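1. how does the following fold in three dimensions:
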Amino acid sequence: MIGAPAAALAVWALAVPLAGTTLTVRTGGGERTVGPVSVVVASLLAGLAAWALLAVLERSATRPGRTWTITALAVLALSLTGPLGGEAGAATTLVLVLLHLTVAAVLVAGLVRR
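-> Presented below is the predicted three-dimensional model:
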């Protein structure tokens, strides 16, 4: 589960300090810059939620891996509405989408195999 925050932080590091992209998003309270702490915390929370759901499904579902994967992909699709529906620039949108896809890829690949 530590792989998701590490991978997301690597994407952030390539995009922000190295490539010079500014990740500023609009929220209900104004604008906010997406920094490394936000990236790590969000991906850790996503990982914990994913792990908890998989644990519940392993106890109650007949095909927990399949059910979890379908649910994870649906949650990914919903999460992409944030960056794709926002008013950020193209570079910011691309990086945010890459962050979402990176975390999802690591979690789906890592958790479903355990």
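
2. and residue 106, how far is that from residue 95?
-> 17 Å (C-beta to C-beta, to the nearest Å). For every residue, glycine as well, the C-beta is placed using N, CA and C.

3. revised request: answer the last question for residue 39.
-> 10 Å.

4. would you say residue 32 is within a strand?
-> Yes: applying DSSP: H, G, I helix; E, B strand; the rest coil, one finds residue 32 inside a strand.

5. so what's it scoring on pLDDT?
-> pLDDT, residue 32: 87.

6. touching, it and residue 86? I think so.
-> No: shown here, residue 32 and residue 86 do not form a contact pair, counting by C-beta atoms under 8 Å, at 11.6 Å.

7. identify the contacts common to these two.
-> Overlap of the contact sets of residue 32 and residue 86 (by C-beta atoms under 8 Å, 6 or more residues apart in numbering) consists of 25, 26.

8. each with direction, which strands does the helix or strand of the chain with the lowest mean pLDDT pair with?
-> Sorting the helices and strands of the chain by mean pLDDT, DSSP states H and E puts strand 24-27 at the bottom, at a mean of 82. According to DSSP bridges, strand 24-27 forms sheet pairs with strand 30-33 (antiparallel).

9. what residues of the helix or strand harbouring residue 73 count as buried?
-> Secondary structure assigned from DSSP states H and E places residue 73 in helix 64-79. Across helix 64-79, burial judged by 16 or more other C-beta atoms under 10 Å covers 64, 67, 68, 72, 75, 76, 79.

10. for the fifth one, give its distance to residue 19.
-> Distance check for residue 75 against residue 19: by C-beta to C-beta, it reads 28 Å.

11. kindly list the longest helix within this structure.
-> Assignment by DSSP state H gives helix 36-60 as the longest helix of the chain.

12. may I see the buried residues of the host helix or strand of residue 99?
-> Using DSSP H and E, residue 99 maps to helix 90-112. By 16+ other C-beta under 10 Å, the buried positions in helix 90-112 come out as 92-93, 95-96, 98-100, 102-104, 106-108, 110-111.
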